[in-house]
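Q: I need the structure of the sequence given here:
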Amino acid sequence: QLQLVESGGGLVEPGGSLRLSCAASGSTLHYYAIGWFRQAPGKGREGVSCISSSDGSTYYADSVKGRVSITRDNTKNSVNLQMNNLKPEDTAVYYCAAEFRPSSTCVLSLSAMDYWGKGTLVTVSS
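A: Numbers count the residues shown, from 1 in each chain. The predicted structure follows:
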């Protein structure tokens, strides 16, 4: 059973940066595509970015493109989300999720994900 734990959230001023991590246990992430999602107060959960299992292909939502970078750390069985130039509208609980998908693609689909973490809160405010 794969377990995911997010970390790295916190309070940051507009324009600042945060690095979120998604650490996996119980199984290797080798065959899993990993997605980051977020849910702002009073809104639905939306996809932010994902990375494929086989070749590290990535996808970014338009709302974060150019400000966010997703990477895999196979030595630590984890996936990181580097977020720069943060805006107040980035305030949300950020979740990582895993889909068993041994391929060079990833999709940001809530229903496709097999495992979810419990989330980490990111607050962007001055």
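Q: low pLDDT regions in the chain?
A: In the predicted model, the chain carries no residue with pLDDT under 70.
Q: give me that answer again for 90
A: When residues are selected by pLDDT under 90, those of the chain lie in 74.
Q: For it, which residue occupies the most central location?
A: If you average the C-alpha coordinates of the chain and look for the closest C-alpha using Cα atoms, centre = their mean, you land on W36, 2.4 Å from that point.
Q: Can you tell me the closest non-neighbouring residue to it?
A: Computed as Cβ to Cβ, 6 or more residues apart in numbering, the closest residue to W36 that is not its neighbour in sequence is V48, at 4.4 Å. All C-beta spots, glycine's among them, are computed from the backbone N, C-alpha and C.
Q: Helix or strand: which one has that neighbour?
A: strand 45-51 (DSSP states H and E).
Q: on that earlier part again, distance of the residue nearest to W36 relative to Q1?
A: The gap separating V48 from Q1 is 25 Å, by Cβ to Cβ, to the nearest Å.
Q: okay, those two: which has more neighbours?
A: For V48 against Q1, the residue with the higher neighbour count under other Cβ atoms under 10 Å is V48, and the figures read 25 against 6.
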